[in-house]
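J.: Would you be able to build a 3D model of this:
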Amino acid sequence: MSDVISLVDSLVKDYLSFRGLNATLANFDAETRQERDCKFNVSRVVGELFSAIENHDIDRLHSLWSYFNVNVFSGLSEEQSTMANKLENDVYRLYVITCVQHKQRSKCIQFFEHMCEHLRNNPEWSEWFALPYVIDPRNSLPFRPYFTRQWQHCLVVSLNNFLAIAFDRLEEPLLVRCVNEVLKGGGELSDAEFIRRSQPVSISEDLMDDFAIIAQGPAKRNASKSSLRNLLKNFTGKKEKE
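T.: Below is the predicted model of the structure:
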C-alpha cells in the first residue's frame, strides 16, 4: 500500500509541476515528507485535537471536527453517528473545562460566542452557557463530573478507539484505486469505465499506444497491462532518482 501511495504522490507532484502550481507543489511536498502514513494516524489526530484544546484555539478545534463530520463520519451507521455526536459534545465540554482550569474565563466566554449558533438548539448545552459565570463550577452540577481525571481519561480512550474504527472504514481515493488496479493487473477496466475515470491530457507516446490498445478490446488489452505497469514503475524510479 505504501508503494502505491508513494507513486500517487509522485504523479500528483508531476501534475502540479506541469501546471506551474509551484506554491501548491511546495506545500504538498513539505506535508508528504512529514507524514508517511497511508491513512490517518489516530494518535497524531488526537494529539492535534488536544493541542487545540490546551492552546484554547476554538477555531482550530471546530475546523478539525467539521472536517471529520464531512469527510470521515458521513458514511457511518446511525448508531456510530450518534456516538460521533456524543464525542463532539464531550470534546467541546473538555475545551471549556480546560479554559476554567487554566483560569481563562475570557476564552470560555469566547467559546460560547463563537459556537452559539452551533449549540444553542442543543438541549445538552442549555445549562452550560452559564459556566463562565459560575463561581465554583468544580463543585457545581452539572459541571462537577467533567472536572474529574476519570472522565477525561475515558474521553481520551473512547476518542482513540472511535477514530480508529472510523478511519479504518474510509474508502481509498479514486486515484489510488486506479493506480492500484494497474500495478496489480487485477480486474480490467471497461472502455466506458476507463473514459469515466480519465481525462484527455498531453502524455507520452508509449502511454498513448497503451490507450489505443485498451480501445481495441480485451485481447490486446491484456497484452498492454505489462507495459502500463512498467510505465508507472519507471515513473516511480525516475522520481526517486530526482
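J.: Roughly how far does the residue nearest to Asp57 when sequence neighbours are not counted sit from Ser43?
T.: Setting aside the residues directly before and after it, Asp57 is nearest to Ser51 in space (C-beta to C-beta, 6 or more residues apart in numbering), at 7.9 Å. C-beta: built from backbone N, CA, C; applies to glycine. Computed as C-beta to C-beta, to the nearest Å, the Ser51 to Ser43 distance reads 12 Å.
J.: before we move on, what about Glu124?
T.: Per C-beta to C-beta, Glu124 is found 28 Å from Ser43.
J.: what ranges do the helices span in the protein?
T.: Ranges of helices in the chain, per DSSP state H, are 2-19, 22-34, 42-54, 58-71, 78-101, 105-114, 116-119, 149-168, 174-184, 191-197, 205-215, 218-241.
J.: Kindly reformat the ones you listed as a markdown table containing distance to Ile135, mean neighbour count and mean pLDDT.
T.: A markdown table is the format used below for the helices of the chain (distance: least, C-beta to C-beta, whole Å; neighbours: other C-beta atoms under 10 Å; pLDDT from 0 to 100):
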| stretch | distance to Ile135 | mean neighbour count | mean pLDDT |
| --- | --- | --- | --- |
| helix 2-19 | 53 | 15 | 79 |
| helix 22-34 | 45 | 12 | 79 |
| helix 42-54 | 23 | 16 | 92 |
| helix 58-71 | 24 | 15 | 92 |
| helix 78-101 | 11 | 17 | 95 |
| helix 105-114 | 11 | 16 | 95 |
| helix 116-119 | 23 | 12 | 91 |
| helix 149-168 | 21 | 14 | 92 |
| helix 174-184 | 55 | 15 | 75 |
| helix 191-197 | 62 | 12 | 50 |
| helix 205-215 | 72 | 14 | 44 |
| helix 218-241 | 62 | 14 | 49 |
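J.: Output these as TSV; include the columns distance to Asn139.
T.: Output for the helices of the chain, formatted as TSV (distance: least, C-beta to C-beta, whole Å):
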stretch	distance to Asn139
helix 2-19	51
helix 22-34	44
helix 42-54	22
helix 58-71	26
helix 78-101	12
helix 105-114	17
helix 116-119	24
helix 149-168	15
helix 174-184	53
helix 191-197	61
helix 205-215	70
helix 218-241	61
